[in-house]
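Asks: return a 3D structure for these sequence lines:
(one chain, ligands or ions: 2)
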Amino acid sequence: MLDTRRVAGWGHEALIREVELSPKPGLVDRFNNGAHDDMDLAMFRASAAAIEPWLGVFFRFGRSECDRPAADFLPRLRPQGQACERAMLRATGGVNTHKGSVFALGLLSAAAGRLAGRGVAADADGLCLEVAAICDGLVARELRDGGPAATAGERLYREHGLPGARGEAASGFATVRRHGLPAWRRARAAGHGEEAALHAVLLNLLAYNQDTNLVARGGISALHFVQTRARALLVAGGVDAADHLAEMARLDREMIERHISPGGSADLLAVTWFLSRFSLYPDDGAGLGSSARAGVV
Ligand SMILES: CC(C)(COP(=O)(O)OP(=O)(O)OC[C@H]1O[C@@H](n2cnc3c(N)ncnc32)[C@H](O[C@H]2O[C@H](COP(=O)(O)OP(=O)(O)OP(=O)(O)O)[C@@H](O)[C@H]2O)[C@@H]1O)[C@@H](O)C(=O)NCCC(=O)NCCS
Ligand SMILES: Nc1ncnc2[nH]cnc12
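Replies: Ligands and ions are numbered 1, 2, ... in the order given. Prediction:
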């Protein structure tokens, strides 16, 4: 049965599997700290532990307000999301490890609660469409018509039209549904284990996600550099190429040299794994018992 413990546990596990996947170009992993001098693996583990209980709070809040119109829900959820951000910052000594993940997994946990409260089986698409309904109009309200840019994300929308985490959520995690989850399912159906499947997901996200973190540090050329390199690796066979891990390690070195980090793609990697738990597809290793496979309440 889908409940608070299961949703929060999957959210925490998603953050751990993301940070422990290695190598990850430009990102913190088990081998190095990527292009970061203020974050390491232990800090991400502490951050994930601080976030986990809040995912249960968001699920319960969504379930308790399951009949509130989606358009009215985000303003009531946001203060709790900001409290979770503060808990994350306390755990990291003020370093922003998972701001994007708090937003994405917070929305998905609350959406799971809303569907559970309505007695609706929660599959990946259903969750994503519920998040899209909750975030409807968010980009126009906060990025197009908002006041002066207070964050990198808001500035990059003005400069390049990149909607970042808000746009991804308002689209119902379209990048995850179009690129992340299909890559996961193809890799699992081909017999790859979870690690290789996550590498396939990451490569597809690097190739197609409009990651504002890359642009914030390296300008639009950094985004184009990463997308071009990732697409070339996909053409060369992706995780089926014999030298795939060596090529990922090479891209890692190149991104560290450029001091660029795809933090948004790391978040969507965690979101992809989280959503794979709600899959209706038995061959993708969702690891669920039949009764809970569709997230049946
Ligand atoms: C809605 C907000 C979260 C928007 O925040 P912001 O205005 O900052 O907008 P974005 O830049 O668009 O998003 C913030 C983070 O989201 C991740 N991200 C970036 N691009 C994408 C994308 N295309 N799709 C999905 N997610 C994306 C990214 O987060 C990750 O990277 C951060 C770590 O990397 P780092 O380079 O270290 O980042 P910095 O420390 O900022 O840079 P340096 O100084 O080190 O160089 C980490 O956050 C990762 O998660 C973006 O950073 C926010 O305004 C908001 O409302 N938050 C409140 C919570 C809430 O509303 N919750 C509701 C549900 S509970
Ligand atoms: N592993 C990671 N390294 C750097 N930034 C991140 N944001 C989310 N996960 C990350």
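Asks: tell me the contacts of the nearest residue to residue 57 once chain neighbours are set aside?
Replies: Using C-beta to C-beta, 6 or more residues apart in numbering and skipping residues adjacent in sequence, the residue nearest residue 57 is residue 80, 6.1 Å away. (Each C-beta comes from the backbone N, C-alpha and C, glycine too.) Residues in contact with residue 80 (C-beta atoms under 8 Å, 6 or more residues apart in numbering) are 54, 57, 58, 61, 106.
Asks: from ligand 1, how far off is residue 80?
Replies: To ligand 1, residue 80 is 6 Å away according to C-beta to the nearest ligand atom, to the nearest Å.
Asks: gap between that residue and ligand 2?
Replies: On the measure of C-beta to the nearest ligand atom, residue 80 and ligand 2 end up 21 Å apart.
Asks: now do that residue, the pLDDT please.
Replies: Confidence at residue 80, expressed as pLDDT, is 98.
Asks: three-state assignment of whatever residue of the stretch 101-250 of the chain ends up closest to ligand 2?
Replies: Residue nearest to ligand 2 within the stretch 101-250 of the chain: residue 101 (6.0 Å; C-beta to the nearest ligand atom). Under DSSP: H, G, I helix; E, B strand; the rest coil, residue 101 falls in the helix class.
Asks: quick one: contacts for it?
Replies: With contact set as C-beta under 8 Å, 6+ apart, residue 101 has these partners: 15, 51, 267, 270, 271.
Asks: same check, this time on residue 28
Replies: Contacts of residue 28 by C-beta under 8 Å, 6+ apart are 19, 34, 36, 39, 40, 41, 43, 44.
Asks: before we move on, what about residue 17?
Replies: Residue 17 makes contact with 194, 198, 270, 273, according to C-beta under 8 Å, 6+ apart.
Asks: that one: what secondary structure?
Replies: Secondary structure of residue 17, per three-state DSSP, is helix.
Asks: among the contacts of residue 28, which are in helices?
Replies: Secondary structure of the contacts of residue 28 is defined by DSSP state H; positions in helices are 19, 41, 43, 44.
Asks: need the max-distance pair from those residues.
Replies: Spatial extent of the ones in helices among the contacts of residue 28 (C-beta to C-beta) is set by the pair 19 and 43 at 9.3 Å.
Asks: higher neighbour count, these two?
Replies: The neighbour comparison of residue 19 against residue 43 (other C-beta atoms under 10 Å) goes to residue 19, with 27 against 19.
Asks: about what we covered before: and the residue of the stretch 101-250 of the chain closest to ligand 2, what's its pLDDT?
Replies: pLDDT for residue 101: 98.
Asks: distance of it from residue 68?
Replies: 24 Å (C-beta to C-beta, to the nearest Å).
Asks: ok, now residue 36?
Replies: According to C-beta to C-beta, residue 36 and residue 68 sit 39 Å apart.
Asks: neighbour count winner among these two?
Replies: residue 36 (18 against 15).
Asks: quick one: that one and residue 262 touch, right?
Replies: No - under the criterion of C-beta atoms under 8 Å, residue 36 makes no contact with residue 262, lying 11.7 Å away.
Asks: any shared contact partners between those two?
Replies: residue 27.
Asks: hang on, the earlier thing: mind checking which of the contacts of residue 101 land in helices?
Replies: Those of the contacts of residue 101 lying in helices (DSSP H): 15, 51, 267, 270, 271.
Asks: and the last one, how far is that from residue 205?
Replies: Put plainly, it is residue 271. For residue 271, the distance to residue 205 (C-beta to C-beta) stands at 10 Å.
Asks: please enumerate the shared neighbours of those two.
Replies: Counting by C-beta under 8 Å, 6+ apart, the residues touching both residue 271 and residue 205 are 176, 180.
Asks: out of these two, which sits in the busier spot?
Replies: Taking other C-beta under 10 Å, residue 271 and residue 205 do not tie; residue 271 has more neighbours (31 against 25).
Asks: check contacts around that one.
Replies: 14, 101, 104, 105, 108, 173, 176, 180.
Asks: how about 6 Å then?
Replies: Contact analysis of residue 271 by C-beta atoms under 6 Å, 6 or more residues apart in numbering lists 104, 176.
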